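*Asks:* fold the following for me, if possible:
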Amino acid sequence: MNWGAWGQAEYCPPGTFATAFEIKVESEDATDDTSMNGIRLYCNNLIDNKQTKELTVSSTVQKWGDWMGKRECPSGQVLTGLRMKSEEDQGNFVDDTAANDLDMQCSHSTFTLNGGGNHWGYWSTWASCPEGWAICGLETRVESESAGDDTALNDVRMYCCAFTAI
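*Replies:* So this is what the prediction gives:
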């Protein structure tokens with residue numbers, strides 16, 4: 001959906017790539033359902049085997065909901081693709097949610113991780129980094145709080161960086 005404004009793009013530190021993610025979701029029993037409120041990437045160094053502290057990055061995050069827990073690729077793998085479950089505009093007097101869930105792909109394989117979001121909407125097609133590239137950043141479109149029908153997270157752009165496997 002296209003409600004809200006794009007937040008600042010955030011990137012994993014140089015030499016690190018996203019190996020896991022987590023989404024923030026408001027439960028389906030809220031009075032004004034916002035569903036997805038944020039996305040967090042977990043960045044790790046997999047290229048030169050340096051032990052570095054795992055870092056997290058996220059773009060704009062709205063205040064509702066809870067973090068659903070880290071979804072992590074198998075050891076040595078990185079995030080390379082995604083698809084998002086979104087609900088279209090429901091019209092007047094019906095509660096809108098926009099983004100509801102996120103699936104992410106590990107290392108261009110058939111192994112995928114589900115974010116654990118809500119059931120509303122339909123899945124987009126898969127978008128993937130080119131072969132030899134991995135997800136290293138993100139930017140989210142989030143609607144600010146209003147007096148009416150809030151939707152929170154509406155869209156995401158994932159950024160890819162060149163990746164040389166171990």
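*Asks:* please pull out the lowest mean pLDDT helix or strand from the chain.
*Replies:* When each helix and strand of the chain is scored by mean pLDDT, DSSP states H and E, strand 5-6 comes last, with a mean of 84.
*Asks:* and that strand, which strands flank it?
*Replies:* strand 133-142 (antiparallel) (DSSP bridges).
*Asks:* just give the nearest non-adjacent residue to Gly117, would you?
*Replies:* Asp101 (3.0 Å; C-beta to C-beta, 6 or more residues apart in numbering). Using the backbone N, CA and C atoms, a C-beta is placed for each residue, glycine as well.
*Asks:* poorly predicted segments of the protein, please.
*Replies:* Per-residue confidence for the chain (pLDDT under 70) gives these ranges: 1, 28, 30-32, 34, 47-52, 88-97, 144, 146-150, 165-166.
*Asks:* go again using 50 as the cut-off
*Replies:* Within the chain, the stretches with pLDDT under 50 are 166.
*Asks:* about what we covered before: tell me the helix or strand right after the least confident helix or strand of the chain.
*Replies:* Scanning forward in sequence from strand 5-6 by DSSP states H and E, the next helix or strand is strand 10-11.
*Asks:* tell me, how many residues neighbour the closest residue to Glu131 other than its chain neighbours?
*Replies:* Leaving aside its sequence neighbours, Glu131 sits nearest to His108 (C-beta to C-beta, 6+ apart; 6.3 Å). Neighbour count for His108, taken as other C-beta atoms under 10 Å: 17.
*Asks:* look up how far Ser128 lies from His108.
*Replies:* For His108, the distance to Ser128 equals 7 Å [C-beta to C-beta, to the nearest Å].
*Asks:* hmm, back to that, what strand or helix carries the residue nearest to Gly117?
*Replies:* strand 99-106.
*Asks:* what residues sit buried inside the very next helix or strand once past that strand?
*Replies:* From strand 99-106 onward toward the C-terminus, using DSSP H and E, the following helix or strand is strand 112-114. Using 16 or more other C-beta atoms under 10 Å as the test for burial, strand 112-114 gives Leu113.
*Asks:* so which residue is smack in the middle of this protein?
*Replies:* Among the residues of the chain, the one closest to the centroid is Ile39, at 4.1 Å (C-alpha atoms, centre = their mean).
*Asks:* bridging residues for that residue?
*Replies:* Beta-bridge partners, per DSSP bridges, of Ile39: Ile23.
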